[in-house]
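Asker: Can you look at this prediction? I've put the sequence above it.
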Amino acid sequence: MTVEGKQENKGIHWAWIVLAVCFIDLYINYGIRLGYSVLLPEMIRTMGFTRRQGGDIFNAYFIVYILFSLFTGYLTDRLGARKVISIFCIILGIGTVLMGTANSFWQACIFYGIVGMGGAAMWTPIITLVQRWFAVRKKGMALGILSTGFGLGFATMGRFYPAIVAWRDWRYCWYILGIAALFMVIVNALLLRSKPEDKGLAPWGTIEGENTRQKGTASIKTQKISFSEMLSIPNFWFIGFSYLLIAASLYLLLTFMVDYARYELGLPYARASLLATIHGTGQIVGVLTIPMASDYIGRRMTLILSNACIGLSVLSIILAGPNVVWLYVSIGFLGAFFGATFPMYGAAGGDYFKKEMMGTVIGALTIFYGSGAILANRMGGHIRDITGSFFIPFIIAFISAIVASVLMIFVKKRPTIQI
């Protein structure tokens, strides 16, 4: 029995504490991100924004988020996730509180850009950290549990924010979530550890003797992080463009599904907005099942099947038309695969690239994800304005998902996998 194994038997493995803290970080972060879409109508009503300006505020978040995702991934590999998450959580909290004070379009853009900067460390470093704390055969399970954080945010914040607005106004929603983010700075600093070795432990789920072999391998082959090396690997581009296309497909539906149901299908607002709750509930189911299945059938095969199912779900939504039951079921299935998509691409960054560049790779892949989301928001709304229908954007979403699935077929396993 290794020293790590003896310590592991004394109580709760520290990996589970790390996972719990990261879960709360993710929940708060996605509550803040979701908050914008829920609070935007109130902000427009009280501040006189146009819809285009409202979209530009959201894009300010995403542009800064994309730029800093690569930066935070690189810092995670260099400085450790604990420092990076704690520091950027301060930025997230400050930016969110400032959003409650915004009185103009440009102030909102700047403040939400600050939120995007802080939010960049609430995905790449977190998913990198969790992967380092769990053995390779347990990553899918850990990421599945972790990712219920953003699914739960989608499912619950839609009820929380309207209650706060009714009690006070939309500004208090930003204040409450900003204070919560600032409180997590203390929790992160006290409880997070950048790697199991900091606590004298092996990753949870490591078989006896496995960690010793991995340490031996690592000591023989310690390599510097190289951007040029990362960019020269075909897997990076296949996974990256697959990620971009599936993000575009998912956001074409996520951003516009309530608008589509309300104004194109003519459903009452209450029934149209229920799609968001169904979608969020589907996410929770998806992240608790699909990533765990990937531990057995592999991340590549899981993404091939998941992306194809996303395409079929989009097609089903198109065919459902005003059939409410069919539409609800289709949205539920889409939500399940939506929830599983992001942890699976994050896990692919850990499975198909060297351990030393894991954070950098995941950060770079997030650029593809953010680009796909921005393209979807711009393209979907523009085509809807021109044609008066979401039929073409949804067809594009279907095709994008299928191509994303095909691209994953070309991803090849690297010779050895390091935890």
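Answerer: Yep, that arrived.
Asker: and the residue nearest to residue 409 when sequence neighbours are not counted, what does it touch?
Answerer: Distances taken as CB to CB, 6 or more residues apart in numbering place residue 304 nearest to residue 409, at 6.2 Å, with adjacent residues excluded. From N, CA and C alone the C-beta is placed, and that goes for glycine too. Residue 304 is in contact with 405, 408-409, counting by CB atoms under 8 Å, 6 or more residues apart in numbering.
Asker: What does the pLDDT read for residue 80?
Answerer: Residue 80 is assigned 86 on the pLDDT scale.
Asker: What's the separation between it and residue 195?
Answerer: 7 Å (CB to CB, to the nearest Å).
Asker: Which of those two has more residues huddled nearby?
Answerer: Legend: neighbour count by other CB atoms under 10 Å for residue 80 and residue 195, higher for residue 80 (19 against 14).
Asker: from memory the more buried one sits against residue 194, does it?
Answerer: Yes. Counting by CB atoms under 8 Å, residue 80 does reach residue 194; the two are 3.2 Å apart.
Asker: Any quick ChimeraX command for the buried ones out of the contacts of residue 304?
Answerer: In ChimeraX syntax, the buried subset of the contacts of residue 304 is picked out as below (16 or more other CB atoms under 10 Å):
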select :405,408
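Asker: Give me the subset of the contacts of residue 304 that lies in helices.
Answerer: 405, 408-409 (DSSP state H).
Asker: Need these in CSV (columns: pLDDT).
Answerer: Below are the ones in helices among the contacts of residue 304 laid out as CSV (pLDDT from 0 to 100):
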residue, pLDDT
405, 95
408, 92
409, 91
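Asker: Any regions of the stretch 251-400 of the chain where pLDDT drops low?
Answerer: For the stretch 251-400 of the chain, applying pLDDT under 70 flags the ranges 269-270, 349-352, 354-359.
Asker: All the helices of it, in order from the start?
Answerer: Secondary structure of the stretch 251-400 of the chain (DSSP state H, counting those that start in this stretch): helices located at 269-297, 299-320, 324-351, 358-387, 391-409.
Asker: For the stretch 1-150 of the chain, which segments are assigned as helices?
Answerer: 3-9, 14-47, 51-79, 81-99, 105-119, 124-133, 139-167.
Asker: Report the separation between the residue most central in space within the chain and residue 362.
Answerer: Ranked by distance to the mean C-alpha position of the chain (CA atoms, centre = their mean), the top residue is residue 342 at 5.1 Å. In this view, residue 342 and residue 362 are 10 Å apart by CB to CB.
Asker: residues of the helix or strand harbouring residue 179 that come out buried?
Answerer: Per DSSP states H and E, residue 179 falls inside helix 170-191. By neighbour count on 16+ other CB under 10 Å, the buried set for helix 170-191 is 170-171, 173-178, 180-182, 184-185, 188.
Asker: Likewise for stretch 86-93?
Answerer: Buried residues in stretch 86-93, counting neighbours by 16+ other CB under 10 Å, are found at 86-89, 91-93.
Asker: which residues touch the closest residue in space to residue 339 that isn't next to it in sequence?
Answerer: In this structure, residue 339 finds its nearest non-sequential neighbour in residue 283, 3.1 Å apart by CB to CB, 6+ apart. Residues counted as contacts of residue 283 (CB under 8 Å, 6+ apart) are 147-148, 150-151, 154-155, 335-336, 338-339.
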